[in-house]
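# Fold the following, please.
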Amino acid sequence: MSTRGVYLLRDAGIEHEVLTYRYVKMGAQIAADAVGQLHEIVMKSLVFRADDGTFLFALIGSNGNVSTRKLGRATGHKHIEAAAPRDAERITGYRVGGISPLGSRQALPVIVDAQTAEHPALILNAGARGTLVRLATDDLIRILDASIADIRTG
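Below you'll find the model as predicted:
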């Protein structure tokens, strides 16, 4: 299945692999299990809203959780909260369960969890429920102009 995210990678000449599964229930760990991949490398693509009304993506392995305090510190905001699903869908143009920073309707700042970024390749939503894409971590960071920071709880 081709999505805006897959087209973006293809047009940029970035080597990637599309992984599909039967979407039944939302969750990055469920997706990881469905495609037989480690939870550490299948990422959650989470949209957050900052205190100034702007939005941003936080990417973290499905085995981790984002600390809003650390995310705020990494982005220079005093307060950050999870975006309402309605806002996340409106801004990205994707449905919850398939949201991706790749091909998002609005280009948002992207922060990748430092521990997750240590893996040579990562997997994330490609822009549709049941469609994931695997690519080199360096390529992902470059195409998204992402920052790397410790945003993990604990």
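# how far is stretch 87-100 from where the chain is centred?
Put simply, stretch 87-100 sits 11 Å off its chain's centre (C-alpha atoms, centre = their mean, to the nearest Å).
# Residue 120 is in contact with residue 136, isn't it?
Yes. Counting by C-beta atoms under 8 Å, residue 136 is a contact partner of residue 120 at 6.6 Å. Where C-beta positions appear, they are placed from N, C-alpha and C, glycine not excepted.
# Which of these two has more residues huddled nearby?
Set residue 120 next to residue 136 and count neighbours by other C-beta atoms under 10 Å: residue 136 wins out with 15 against 9.
# show me the contacts for residue 55.
Going by C-beta atoms under 8 Å, 6 or more residues apart in numbering, residue 55 touches 47-49, 83, 87-88, 91, 106, 108.
# Among the residues you listed, name the ones in helices.
Applying DSSP state H to the contacts of residue 55, the entries found in helices are 87-88, 91.
# sorry, back to before: just give me the least confident of the contacts of residue 55.
The lowest pLDDT within the contacts of residue 55 belongs to residue 106, with 93.
# do you know how far that residue is from residue 21?
Distance from residue 106 to residue 21, counting by C-beta to C-beta, to the nearest Å: 27 Å.
# Over to residue 153?
In terms of C-beta to C-beta, residue 153 sits 27 Å off from residue 21.
# got it, and residue 139?
Residue 139 sits 22 Å away from residue 21, going by C-beta to C-beta.
# swap in residue 119?
20 Å.
# Likewise for residue 56?
27 Å.
# And the helices in this structure, which stretches?
For the chain, the helices defined by DSSP H cover 4-11, 28-34, 68-75, 85-92, 114-117, 137-144.
# Point out the other helices and strands that the shortest one packs with.
Contacts defined by 3 or more C-beta pairs under 8 Å, 6 or more residues apart in numbering; DSSP states H and E place helix 114-117 against strand 55-61, strand 147-149.
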